[in-house]
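Asker: Sequence first, predicted coordinates after that:
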Amino acid sequence: MRLLSPRRYVHLPHLPYPGKENYPSIPDYQRYLEKYADHFGLTPERQEIAEIKRGADCFDVRCVSGLTVQCKFVVIATGVFSHPIWPQIDGLTPGEGLKAIVMHAHDWNGPSAFVGGRILVIGSGISGVSIAEECASAGLRVMVSRRSERTRLITPRLLGLDVLHWFRPLEFLPRSFFGRFCRRGLHPPAYDNGYRKLVASGKIVELPEIKQVQGGSIRLGDGTCRDADVIVAATGYRYETPFLPQEMARMPAGHPLVNRCESRQWPGLFCVGAPCARRIDSEFLRGIASDASCVAERIRRRLNA
Ligand SMILES: Cc1cc2nc3c(=O)[nH]c(=O)nc-3n(C[C@H](O)[C@H](O)[C@H](O)COP(=O)(O)OP(=O)(O)OC[C@H]3O[C@@H](n4cnc5c(N)ncnc54)[C@H](O)[C@@H]3O)c2cc1C
């Protein structure tokens, strides 16, 4: 798999992405992140955060391991992909009498383990379409079950330029301009990197919504049944911050209310990588790069004040 953004939109602050390919592969980008940490001497101490409380003049952070830390500032960077949404389909519970291998797109590792198999992808959003394209190109028999009448697709290149280039001016508009999208979370259309052609040639078969799964057999909304060896739920993610108190004001999409990445209720608590934290692209790499610089600078100024 490759990033959908071209190289010029994936640089993090102060260390450009070095690769030459226009669309970086995921393993190359992972190596860049490792190199990035090395370059700046960042040695993460890995702890899962269980709870953050607001103290008198700092935050009390409790880790799952029991360790507690007091911090003057906290930056939440838990991303939009930490909490997969599992579809509510009768009989679709991994390991419970299902013949098919069942997983969420979150755990997808490529098609190589399933060569020759029949794969059913649930959902035709960005992940579903990418996985379907990848599997069809690798010779698997692919079905995509979708709720809507049509799969929403966008052409990745327009007039010779990446589509992001044309959307770029929107990123400088104030968040208020995008009202509903920011409150409920962005659901952009999927990139068509061959999907339409694969459907037209019969290599991807589009199906209606699934009603029930029994063993390896899948009953669809139109009453017909299909069999599959692998079922991948590409049914999205929910932005969640279970370590923050319930009473913290949140948007319907789950992210805390922030102004320029900083919590309105708890000054000193920042969110980077949350939907619309500062701009419309705040949850994507280019938005994260610019928001991270801005947050770091604000913390630096307050520490020096
Ligand atoms: C297949 C795929 C392709 C993509 N392609 C692009 C692209 O082309 N361009 C683009 O701009 N974006 C792309 N994205 C989105 C991009 O990956 C995200 O914007 C980016 O990863 C967000 O970075 P982040 O650090 O905010 O969050 P993440 O990368 O999601 O990292 C969050 C981290 O927080 C950790 N965490 C969660 N909860 C806790 C807790 N309680 N305690 C401690 N740690 C916790 C998680 O384990 C994880 O390590 C893609 C995403 C996917 C899945």
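Answerer: Structure's in. What do you need?

Asker: What parts of the stretch 1-150 of the chain come near the ligand?
Answerer: Residues of the stretch 1-150 of the chain lying near the ligand by CB under 6 Å from any ligand atom: 1, 3-5, 48-49, 77-79, 81-82. No exception for glycine: its C-beta is placed from N, CA and C like everyone else's.

Asker: For whatever residue of the stretch 1-150 of the chain ends up closest to the ligand, list the residues it contacts.
Answerer: Of all residues in the stretch 1-150 of the chain, Gly79 sits closest to the ligand, at 2.2 Å by CB to the nearest ligand atom. Shown in contact with Gly79 (CB atoms under 8 Å, 6 or more residues apart in numbering): 273, 283.

Asker: What does it show for phi and psi?
Answerer: Main-chain dihedrals, Gly79, degrees, to the nearest 10: phi 70, psi 170.

Asker: contact partners of the longest helix anywhere in the chain?
Answerer: Ordering each helix of the chain by length in residues (DSSP state H) puts helix 285-304 first. The contact list for helix 285-304 (CB under 8 Å, 6+ apart) reads 3, 5, 9-13, 72-73, 75, 171, 260-262, 270, 272-273, 277-282.

Asker: which of the residues in it are buried?
Answerer: 285-292, 294-295, 298 (16 or more other CB atoms under 10 Å).

Asker: chain center to that helix: distance?
Answerer: Mean C-alpha position of helix 285-304 versus that of the full chain (CA atoms, centre = their mean, to the nearest Å) differs by 22 Å.

Asker: Pull up the distance across stretch 100-119, start to finish.
Answerer: 9 Å (CA to CA, to the nearest Å).

Asker: how distant is that stretch from the center of its chain?
Answerer: With CA atoms, centre = their mean, you get 19 Å for stretch 100-119.

Asker: That stretch - what's its average pLDDT?
Answerer: Mean pLDDT, stretch 100-119: 93.

Asker: Ok, stretch 38-52 next?
Answerer: 95.

Asker: Show me what from the stretch 201-305 of the chain comes close to the ligand.
Answerer: Counting by CB under 6 Å from any ligand atom, the stretch 201-305 of the chain sits next to the ligand at 243, 273, 283-286, 288.

Asker: What is the nearest of these to Asp162?
Answerer: Arg286 (11.9 Å; CB to CB).
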